[in-house]
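Asker: What would the 3D arrangement of this be:
(chains A and B, ligands or ions: 2)
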Amino acid sequence: MYLSSIFTDPERAEKLIEIAKTSLWPMLEGAIMNTIPLTLLSFVFGLILAVLTALARISHVKLFQGIARVYVSIIRGTPLLVQLFIIFYGLPNLGITLDPFISAVIGFSLSVGAYASEIIRAAILSIPKGQWEAGYSIGMTYTQALRRIILPQAARVSVPPLSNSFISLVKDTSLASLVLVTEMFRRAQVIAARNYEFLLVYTEAAIIYWVLCFFLSILQQYMERRLDRYV
Amino acid sequence: MISIKGLHKQFGQLEVLKGIDLQVEKGKVVVVIGPSGSGKTTMLRCLNVLETPTSGVISIEGQSLDFSKAVSKKNIASFRRLTGMVFQNYNLFPHKTALENVMEGPIIVKGESKETARKRATSLLEKVGLGDKMDYYPAQLSGGQQQRVGIARALAMEPEVMLFDEPTSALDPELVGEVLKVMKDLAQEGMTMIVVTHEMRFARDVADEVIFMDGGVVVERNKPEEIFTNPKEERTRKFLNMIQ
Ligand SMILES: Nc1ncnc2c1ncn2[C@@H]1O[C@H](COP(=O)(O)OP(=O)(O)OP(=O)(O)O)[C@@H](O)[C@H]1O
Ligand SMILES: [Mg+2]
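Answerer: Numbers count the residues shown, from 1 in each chain, chains lettered A, B, ... in the order given. Ligands and ions are numbered 1, 2, ... in the order given. Below is the predicted model:
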């Protein structure tokens, strides 16, 4: 029905092309102004949090281990959307009202922090014990061995899985539309609500996500090839 | 001078070192032999404090650690710098070149300038015959070359004593000689060395003393010509018969 109408009714086809054209820029604007910054900021903060959490998990201080474990368990055991709702719609009940974008950055950072901490922890544990010992044997402290010997190697091991997390995050930011961040998908919803061309507009949004992720996966392959060179 | 007194090491219920007493004078080379599981590696690792002994006193050139009491991390780190460890499987840093492997300790631990560290690392690598491989990564080097980098890396910290744990046993036979030669040169320069090895030729030619360990104790110690031709203990004789 939908498709045949495009071919039999040239006027409708023209109208659809017009809608596709006019909605493209607002969506791209949403991607540039919100989706991409939201992804980048959340990933950077998330990674910092993830490294700290991973270090807490492998530390010998029971309190740090405990805090890290509870944090990871809560984030992994609850839906991201629910976390975002608690931050944006829930916290105002405690008198904490946050801007939508900031709420989203907090929510996504916490999420990346928990999931990526598991990746980083596994990477650190995958480095042979002999590497620590070689560091100690030339007089390094725990911190020196960690910083100079273990983390650089763990970083290489982490690149492929972290790239996957990054690509997932790009797509997950569409959830921010539900806490009123005017990122790309929110724009799509607004446009579609006006002209009722849901299929067209949402497909257009999907294509933009796909193109973004496609370029990211090329970048990922390039990085992996570079890191593979010597190890 | 290195002195080990009453060294005990227990892993859970398993007592691996049952009271080791050992003195090694400065500039001497001691070769440690003994059956698998006799505690040779554990003893070296205790000297390098990679394992914390259950009890005992270790002193090296006047600095000592008494493990019957609690020892601080700081004391352990400074004590470690007295010993250089060469591992059976090299344990080079794979993300660093040969030169960077050797420079790492002096820069990070001793706080030397890059220039000073580079100069000494260069001359150490030349000394172990790797002047042309300095910018290679470990994965690009043969086992024998990697082990020589490992020796240079330990030497860069200017240790009082070098500890070798079966440095050639992971190597293809044709690569063993190049590593032993570097060790022999070191011995001739007067480096104090404790070497766990099955290379009896090396023990005969280089060692001042051979120590036979079994079951976590030193069973017999003597000059190489004595212990190899005329072992006093039955257990030593059995072991030597088995490996020769
Ligand atoms: N970290 C550890 N935890 C538990 N047991 C250990 C540990 N390290 C060593 N052992 C045990 O201690 C004993 C002595 O081991 P060690 O490696 O010192 O022997 P070795 O003389 O070096 O033997 P090899 O000739 O096979 O290298 C062995 O029974 C070993 O299983
Ligand atoms: Mg051993």
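
Asker: Please make it C-alpha for all contacts and neighbour counts, starting now.
Answerer: OK.

Asker: give the contact list for residue B:86.
Answerer: Residue B:86 is in contact with B:147, B:150, B:151, B:154, B:162, B:163, B:164, B:165, B:167, counting by CA atoms under 8 Å, 6 or more residues apart in numbering or on different chains.

Asker: quick one: which of the residues you listed is nearest to residue B:118?
Answerer: The nearest member of the contacts of residue B:86 to residue B:118, counting by CA to CA, is residue B:154 at 14.7 Å.

Asker: follow-up on the earlier one: now, which of the contacts of residue B:86 lie within helices?
Answerer: Counting by DSSP state H, the contacts of residue B:86 place B:147, B:150, B:151, B:154 in helices.

Asker: between these, which is nearest chain A?
Answerer: residue B:154 (6.6 Å; CA to the nearest CA).

Asker: Can you tell me how far that closest one is from ligand 1?
Answerer: 20 Å (CA to the nearest ligand atom, to the nearest Å).

Asker: For that residue, which non-adjacent residue is closest in space?
Answerer: Once flanking residues are discounted, residue B:154 sits nearest to residue B:84: 4.7 Å by CA to CA, 6 or more residues apart in numbering or on different chains.

Asker: Which of the three states applies to that neighbour?
Answerer: With DSSP: H, G, I helix; E, B strand; the rest coil as the basis, the three-state label of residue B:84 is strand.

Asker: That one: how many residues sit nearby?
Answerer: By other CA atoms under 10 Å in any protein chain shown, 29 other residues sit near residue B:84.

Asker: Who are the contact partners of it?
Answerer: A:137, A:138, B:48, B:154, B:155, B:157, B:158, B:159, B:160, B:161, B:162, B:163.

Asker: Narrow these to those that are buried.
Answerer: A:137, A:138, B:48, B:154, B:155, B:157, B:158, B:159, B:160, B:161, B:162, B:163 (16 or more other CA atoms under 10 Å in any protein chain shown).

Asker: Give me the longest helix you can find in chain A.
Answerer: Per DSSP H, chain A has its longest helix at helix A:198-227.

Asker: What's the mean pLDDT across it?
Answerer: On average, the pLDDT along helix A:198-227 is 92.

Asker: list the buried ones in that helix?
Answerer: A:200-202, A:204-205, A:208-209, A:212-213, A:216-217, A:220, A:224.

Asker: of the residues you listed, closest to residue A:143?
Answerer: Nearest member of those to residue A:143, counting by CA to CA, is residue A:224, at 27.0 Å.

Asker: center of chain B, which residue is that?
Answerer: residue B:163 (1.4 Å; CA atoms, centre = their mean).

Asker: Do you know the pLDDT at that one?
Answerer: Checking the pLDDT column for residue B:163, the value is 98.

Asker: Now do the same contact list for it.
Answerer: Contacts of residue B:163 (CA under 8 Å, 6+ apart): B:44, B:83, B:84, B:85, B:86, B:193, B:194, B:195.

Asker: Return the set of residues that bridge with residue B:64.
Answerer: Here residue B:64 sits in beta bridges with residue B:59, going by DSSP bridges.

Asker: Could you see whether chain A lies near the lowest-mean-pLDDT helix or strand in chain B?
Answerer: The helix or strand with the lowest mean pLDDT-type score in chain B, counting by mean pLDDT, DSSP states H and E, is helix B:73-80 (a mean of 88). Yes. Using CA under 8 Å from any CA of the partner chain, helix B:73-80 reaches chain A at B:77, B:78, B:80.

Asker: What is the burial count for the last one?
Answerer: Spelled out, that is residue B:80. Neighbours of residue B:80 (other CA under 10 Å): 21.

Asker: Buried residues in stretch A:88-99, which are they?
Answerer: So for stretch A:88-99, counting by 16+ other CA under 10 Å, buried means A:88, A:89.

Asker: Not counting its own residues, what contacts it?
Answerer: A:87, A:100, A:103, A:104, A:179.

Asker: What is the end-to-end distance of it?
Answerer: 8 Å (CA to CA, to the nearest Å).

Asker: Run the chain-centre distance for it.
Answerer: Computed by CA atoms, centre = their mean, to the nearest Å, the chain-centroid distance of stretch A:88-99 equals 23 Å.

Asker: For it, the averaged confidence score.
Answerer: pLDDT averaged over stretch A:88-99 gives 96.

Asker: hmm, back to that, using a markdown table, lay out the contacts of residue B:163 together with pLDDT and distance to residue A:29.
Answerer: Listed next are the contacts of residue B:163 as a markdown table, based on pLDDT from 0 to 100; distance: CA to CA, whole Å:
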| residue | pLDDT | distance to residue A:29 |
| --- | --- | --- |
| B:44 | 97 | 65 |
| B:83 | 96 | 62 |
| B:84 | 96 | 60 |
| B:85 | 97 | 59 |
| B:86 | 98 | 59 |
| B:193 | 98 | 69 |
| B:194 | 98 | 69 |
| B:195 | 98 | 68 |
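
Asker: Out of those residues, grab the one that's most surrounded.
Answerer: Counting by other CA under 10 Å, top hit in those: residue B:85 with 32 neighbours.

Asker: That one contacts residue B:47, correct?
Answerer: No. If you go by CA atoms under 8 Å, residue B:85 and residue B:47 don't touch, sitting 9.4 Å apart.

Asker: just so I have it, where are all the helices in chain B?
Answerer: B:40-47, B:73-80, B:98-108, B:114-127, B:143-155, B:173-188, B:200-206, B:224-229, B:234-243.

Asker: Show me what the last one is in contact with.
Answerer: Read it as helix B:234-243. By CA under 8 Å, 6+ apart, helix B:234-243 touches B:34, B:35, B:212, B:219, B:220, B:228, B:231.

Asker: give me that answer again for 10 Å
Answerer: B:33-35, B:198, B:200, B:211-214, B:219-221, B:227-231 (CA atoms under 10 Å, 6 or more residues apart in numbering or on different chains).

Asker: Check the second one too.
Answerer: Helix B:73-80 is contacted by residues A:136-142, B:47-50, B:52, B:58-60, B:63-65, B:109, B:159 when judged by CA under 10 Å, 6+ apart.

Asker: please redo it, this time with the cut-off set to 7 Å
Answerer: Residues outside helix B:73-80 that contact it (CA atoms under 7 Å, 6 or more residues apart in numbering or on different chains): A:137, A:139, A:140, A:141, B:48, B:49.

Asker: can you tell me which residues contact the last one?
Answerer: It refers to residue B:49. B:76, B:80.
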